[in-house]
Structure formats: C-alpha cells, structure tokens
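# here are the coordinates; sequence isn't available:
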C-alpha cells in the first residue's frame, strides 16, 4: 500500500472511530433532524454536560459536525447530510445480519 492510500484510509478510520460509540451515533441521528443546542442534546442523552461535550468535540475533530455559539448557547449541526445516508446503510446491514442469524438458528 502506498503512502497516499494509507493516508486516505487513516482519514476514513478516524471518521469511523468517531462514529463507533452509541452516544455519538445518537447525537448524529439527532442532528440529522436539524441543529440542536448542547443543552437539548444533554437532556435527550441523559448524561452530564462534560460527557456530552467530549462526544461532540470528538465528532467535531473528525469533521462530522460544526458548532456555532449564540449568546451563552452552542448549537451543533451535521457538516454533511451524507452521514445520515451512511447510517441508513449501516441500519440496513444490521437488519440483514439479524435476519441471517435468525435463519441460521432455524
């Protein structure tokens, strides 16, 4: 594998690692419906502000979300709508895996 390919795949891995947590996936699903303030995300997740902020920082560093401060509140939104399409694809794969496992159990 050449250096260019390795760099490209490492960038992909960083994005996938950022998505590889149920809370971060929940945040992405929430943001797929529109921007949300941190306080609303914290409330929906049911975690403390520090935990939610760490998850958001990781998603931001991976380039998945943007933020905007408005007064004392910070609002987050998805940078690209294609992230939602990726999660839809992951949902399809997960459903097919469950179906396959059920069929194998018969």
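Cool, got the structure. Please read all numbers here as calculations on a predicted model, not as lab measurements.
# Name the residues that touch the biggest helix by length in the chain?
The single longest helix within the chain, with elements called by DSSP state H, is helix 82-105. For helix 82-105, the external contacting residues (C-beta atoms under 8 Å, 6 or more residues apart in numbering) are 25, 28-29, 32, 64, 78. Every residue, glycine included, has its C-beta placed from N, CA and C.
# can you list those residues in CSV and add pLDDT?
Putting these into CSV (pLDDT from 0 to 100) gives the following:
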residue, pLDDT
25, 96
28, 96
29, 94
32, 94
64, 96
78, 96
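# of the residues you listed, buried ones?
For these, a neighbour count by 16 or more other C-beta atoms under 10 Å gives the buried set as 28, 64, 78.
# when you check these against the helices, which ones overlap?
residue 28.
# from the buried ones among the contacts of helix 82-105, which single one is nearest residue 47?
Closest to residue 47 out of the buried ones among the contacts of helix 82-105 is residue 28 (15.5 Å), distances taken as C-beta to C-beta.
# what's the distance between that closest one and residue 101?
Noted for residue 28: a distance of 26 Å to residue 101, by C-beta to C-beta, to the nearest Å.
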